[in-house]
Every structure is written in structure tokens, then in C-alpha cells.
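1. 3D model of this:
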Amino acid sequence: MSKSGPSLDDIYDLVQPEFNHVDQKLGDRNKRLMDIADIPQNERDLYLVHDIVCITNNAGMLAWIDYHHEEKGWIRFAQEAFKRIGHSEVSEALGQCLEVFMKKHGSLTHEDDASQSRSIHNYENEIMQSLYAYLVTNDFKFPHFAV
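-> Presented below is the predicted three-dimensional model:
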């Protein structure tokens, strides 16, 4: 880690074990072990921000919306997480994607979420730096990170 803060790779190294831990607690989408609302806020925010950034970078924001739109609270909690870390533009993009998804479900193209996905593609480093700063400010200890 540099004196100015962790690199993007360092942040992913810290965040991934925590994401994996929450993912195991939640269970598979088809067989949830617990509700997303029951995950403590810092862990939930880490999980949702990391999940959306990774899925959006690989398949577009609509892919994440498609996967979670029927799960109670997921989109709302994700929007709140992005607002808490200072990226309300991503929160708004999620809402816009949900609207597009609901209108065009079944006839979606990659262009349908291009502008919303850019809110992550173009600012991945800033988003992950903000997530890290938010977690550290809120005394999150990254308990599953192995040095």
C-alpha cells in the first residue's frame, strides 16, 4: 500500500475475502440462507458495491438488475450503499436500469445500459477508493483478510 492509500488491487485483496464470507452467509439466489436485510450494514454495503462493480464491468449493470430485481430489498439497499459511499450517480443509474429492465424485459440489448454502466466503468477506482474510505471511517476491520 502506498502512502496515499491502497491501490485498487490492494482494495480488491481486502474486499474479496469479506465478499466471499457474506456470499456464503447469504447462500445461492435460489436457496437463500438469510435475507440481505439481516446482513450488518458495513458488510452489506461492501458486498453490494463490490458485486455491482464486478458484474457491471463484466456484463453490464442490467445483468445485475436481471439477477436481483425480484429479490426483496436488493436494489434499494444497493442504491443506499452507493449513496453512503458518496456515489449517488450510481444509485440513480441503478434506478434507471431497473426502469429500462421493467419496460423492455425480454428484448434488452447491451446498449440499453451503456450510459448507466459507464457510471461504474469510468469510475471504478474512485468507487472502490470511496468504499474503502467509508469502511475504514466506520471502523470496519476486514476480519477475513489474511496477511
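2. only C-alpha atoms for contact and neighbour calcs from this point on.
-> OK.
3. Please tell me the pLDDT value assigned to the residue nearest the centre of the chain.
-> Nearest to the geometric centre of the chain sits Val49, at 2.1 Å (Cα atoms, centre = their mean). pLDDT recorded at Val49 is 98.
4. just checking, next helix/strand downstream of the helix or strand Glu18 falls within?
-> Taking DSSP states H and E as the definition, Glu18 sits inside helix 8-26. Downstream of helix 8-26, the first helix or strand assigned by DSSP H and E is strand 27-28.
5. Run through who's touching the next helix or strand after that following strand.
-> Downstream of strand 27-28, the first helix or strand assigned by DSSP H and E is strand 31-32. Around strand 31-32, the neighbours that count as contacts under Cα atoms under 8 Å, 6 or more residues apart in numbering are Leu26.
6. any idea of the angle the next helix or strand after strand 31-32 forms with helix 8-26?
-> For strand 31-32, the following helix or strand on the C-terminal side (DSSP H and E) is helix 41-59. Interaxial angle, helix 41-59 versus helix 8-26 (axes from the mean of the first three to the mean of the last three Cα atoms, to 10 degrees): 110 degrees.
7. Summarise which helices and strands helix 41-59 is packed against.
-> helix 8-26, helix 61-68, helix 74-84, helix 114-121, helix 124-137 (3 or more Cα pairs under 8 Å, 6 or more residues apart in numbering; DSSP states H and E).
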